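**Q** quick one: sequence plus predicted model below, questions after.
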Amino acid sequence: MRRLVSDTLIIAERNLIRLPRAPELLIGFTLQPIMFVLLFRYVFGGAIRTPGYSYVDFLLPGIIVQNTAFGGFATALGLNEDVQKGLIDRFRSLPMSRAAVLGGRTLSDVATNSLSLTILLVTGVLIGFTFHASFPEAAAGVGLLLLFGYAFSWFLAFIGLLVSSPESVNSVGFIAVFPLTFISSAFVPVASMPAGLRDFAEVNPFTIVVDAIRHLWLGAPAHNNVWGAVVWSFVIVAVFAPLAVARYRRAAGR
Amino acid sequence: MSDRPGIEVSGLVKRFGDVLALDGVDLIARQGQVVGLLGPNGAGKTTLVRVLATLLKPDAGTAHVLGLDVQRDAAALRERIGLAGQYAAVDENLTGLENLTMVGRLYGAKRAAAKARGRELLERFDLVEAASRPTKTYSGGMRRRLDLAAALVAKPPVLFLDEPTTGLDPRSRLSLWAVIEGLVAEGTTVLLTTQNLDEADRLAETIAVIDHGRLIAEGTSDQLKDRLGGERLEVRLDDAADPAVAVRALAPMSDELPSAEAGLVRVSVRGRDGAIVEAVRRLSEAEVGVDDLALRRPTLDDVFLALTGHAAEEAPAGQAHDEVA
């Protein structure tokens, strides 16, 4: 167990050291979310009715949740690269904890998610977002986002080990993340969707997480969403962590 | 543990779908021995290394390294082995020193100790000047050296080298050979896979020839060459000369038919004494012009050709390996 913790930290440190040296990934964490916020705020914002909220207040929790989902792409791409480059073979031949490579990956996503979360919040505030919440509530929202982002990284870790190339990581990842985040309450009120989509959106964990953040940051009705979001986070880890570790054990370099 | 063989493989079978990658391999290497595993692409070399390095579960048979079972005692075994592969598994975005330090820490060393060991290895592998550069700026040879250094971080008594010099230029290859020879001198047990016959010849004490997942021959380089019998006579013909005439002229010197290919006639002769004189006499009687003529010991290439019916560097094209097994 001590080995798991120390090895996980070593791998997380490695991921964070290399991050500034692969600038394309860093651009993904910094510029891309800003671009999304501005596009939605100014392109769609005028056309979307969000009763009770200004669109920028409504949008920011949604786009931040979407962004935490994208944060896990660093894990998916990084693991995929490690397999392609044969680094996984090196790790697997070392007397290190079997779960540490994945644990370190997902852990370093928490750091990168914190970075892009900060950037998004600053951008949001600059274009008019305001918290309608106490500091503990706002902080609880941040904690929940990091928790959910961490959980979702395990799903993407599994994807990264499942597919054969970084290109497929991107396409499979996008195919999973876009419908999940768009058919949710992230960008438009669920009530505005046609019946079939609405049914999906209502049970979609992304809706639950987005609504939880709106509750914590904007004072929207809670409806158990905060607990729902926490439970979903644990369920995602409980399902995908074992799947990803099983994949890792069998992973083969080229 | 010291009386156990370095590597002991018995009846090892590994299947990938329809492909039988290992078809009942038996192999023994004592501690401190360097075994060269020689075979073409797809022969099963990498699969065997992966099983021994605890990366792959065999379907049948057993494999022990230093007396430790590769499956049951995998965790203990990983403390004692080093693996360096054909793909130079280092993190491109970390520097040489960061890579080695990370590996050292993952072996359980403290940061400072891992760093000190990293520095020591960088010095030994002539990478000091590149120590603080990301490895993506390294040349192929430098990366291989770093990869090998990473395998040596914990001073493992057993080392698996999977085609350590494939794709390197001759100079880098020579420098890596020198490093490996240094390790061998220190008593490390090494299993080295290669497609390169010179490499096996130079580095390995014993050579195991593998093809289609089976060991088809084993022995020292000399033993393998002796199996072929006589010396090889090579005659490079004049441009105007007719190879068919040369083949006919030289045929009586050998038990087998000489081969002719692009102006080069090869024949395995029965006796060394007087072979050159006889060949020159026969060729001049047949009025065949000769550019060059030499008598040499068979190379491992000849061995491979004779054992498998195909050349080592070629892809095996559905040969009936049963004949030679």
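**A** Received the coordinates, thanks.
**Q** quick check: phi and psi on residue A:50?
**A** phi -130, psi 90 (degrees, to the nearest 10).
**Q** who touches it in this structure?
**A** Residues counted as contacts of residue A:50 (C-beta atoms under 8 Å, 6 or more residues apart in numbering or on different chains) are A:58, A:188-189. Every residue, glycine included, has its C-beta placed from N, CA and C.
**Q** residue B:286 too?
**A** B:245-246, B:248-249.
**Q** could you do residue A:235 as well?
**A** Contacts of residue A:235 by C-beta under 8 Å, 6+ apart: none found.
**Q** now it, what's its secondary structure?
**A** Here residue A:235 is recorded as helix under DSSP: H, G, I helix; E, B strand; the rest coil.
**Q** kindly report the same for residue B:166.
**A** coil.
**Q** which residue is the nearest non-sequential neighbour of it?
**A** Leaving aside its sequence neighbours, residue B:166 sits nearest to residue B:86 (C-beta to C-beta, 6 or more residues apart in numbering or on different chains; 4.9 Å).
**Q** which of the three states applies to the one you found?
**A** coil.
**Q** hmm, it is touching residue B:167, no?
**A** Yes. Contact criterion C-beta atoms under 8 Å: residue B:86 and residue B:167 qualify, at 7.4 Å.
**Q** show me which of these two is the more surrounded one.
**A** Between residue B:86 and residue B:167, residue B:86 has the larger neighbour count (other C-beta atoms under 10 Å in any protein chain shown), namely 23 against 13.
**Q** next one, pLDDT for the more buried one please.
**A** Reading off the confidence values, residue B:86 has pLDDT 74.
**Q** show me where pLDDT drops low in the stretch 1-150 of chain B?
**A** The model of the stretch 1-150 of chain B has pLDDT under 70 over residues B:1-2, B:88.
**Q** hey, C-alpha coordinates of the lowest-mean-pLDDT helix or strand in chain A in PDB?
**A** For chain A, scoring each helix and strand by mean pLDDT, DSSP states H and E identifies helix A:23-39 as the least confident one, at a mean of 85. C-alpha atoms of helix A:23-39 as PDB (Å, rounded to 0.1, in the frame of the first residue of the first chain):
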ATOM      1  CA  PRO A  23       3.000  22.500 -25.300                       C
ATOM      2  CA  GLU A  24       0.200  21.200 -27.500                       C
ATOM      3  CA  LEU A  25      -1.400  19.500 -24.500                       C
ATOM      4  CA  LEU A  26      -0.900  22.600 -22.400                       C
ATOM      5  CA  ILE A  27      -2.700  24.700 -25.100                       C
ATOM      6  CA  GLY A  28      -5.500  22.200 -24.800                       C
ATOM      7  CA  PHE A  29      -5.800  22.900 -21.100                       C
ATOM      8  CA  THR A  30      -5.600  26.700 -21.300                       C
ATOM      9  CA  LEU A  31      -6.700  28.200 -24.700                       C
ATOM     10  CA  GLN A  32      -9.300  25.700 -25.600                       C
ATOM     11  CA  PRO A  33     -11.600  26.200 -22.600                       C
ATOM     12  CA  ILE A  34     -11.400  30.000 -23.000                       C
ATOM     13  CA  MET A  35     -12.400  29.600 -26.600                       C
ATOM     14  CA  PHE A  36     -15.400  27.500 -25.700                       C
ATOM     15  CA  VAL A  37     -16.600  29.900 -23.100                       C
ATOM     16  CA  LEU A  38     -16.300  32.800 -25.500                       C
ATOM     17  CA  LEU A  39     -18.000  31.000 -28.400                       C
END
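**Q** packing partners for that helix?
**A** helix A:55-71, helix A:73-84, helix A:100-126 (3 or more C-beta pairs under 8 Å, 6 or more residues apart in numbering or on different chains; DSSP states H and E).
**Q** and the angle from the second one to helix A:23-39?
**A** Relative orientation of helix A:73-84 and helix A:23-39, computed by axes from the mean of the first three to the mean of the last three C-alpha atoms, to 10 degrees: 150 degrees.
**Q** how much space between residue B:236 and chain A?
**A** 41 Å (C-beta to the nearest C-beta, to the nearest Å).
**Q** kindly apply the preceding question to residue B:4 instead.
**A** Counting by C-beta to the nearest C-beta - residue B:4 and chain A are separated by 19 Å.
**Q** so that residue touches residue B:73, yeah?
**A** No. At 11.8 Å, residue B:4 does not count as touching residue B:73 under the criterion of C-beta under 8 Å.
**Q** list phi and psi for the residue nearest to residue B:205 when sequence neighbours are not counted.
**A** Leaving aside its chain neighbours, residue B:205 sits nearest to residue B:34 (5.1 Å; criterion: C-beta to C-beta, 6+ apart). Main-chain torsions, residue B:34, degrees, to the nearest 10: phi -110, psi 110.
**Q** mind listing what residue B:34 touches?
**A** B:184, B:189-190, B:192, B:203-206.
**Q** try residue A:9
**A** Here residue A:9 is in contact with A:104, A:107 (C-beta under 8 Å, 6+ apart).
**Q** my reading is that it lies in a helix. Confirm?
**A** Yes. Under the criterion used here (three-state DSSP), residue A:9 sits inside a helix.
**Q** now do it, the pLDDT please.
**A** So residue A:9 comes in at 94 (pLDDT).
**Q** tell me who's in contact with the residue nearest the centre of chain B.
**A** The structure's chain B has its C-alpha centroid closest to residue B:194; by C-alpha atoms, centre = their mean the separation is 2.6 Å. Residue B:194 sits next to B:36-38, B:163-166, B:200 when contact means C-beta under 8 Å, 6+ apart.
**Q** what of residue B:30?
**A** Contacts of residue B:30 (C-beta under 8 Å, 6+ apart): B:5-6, B:189.
**Q** among those, who's most crowded?
**A** Highest count within the contacts of residue B:30 by other C-beta under 10 Å belongs to residue B:189, 25 neighbours.
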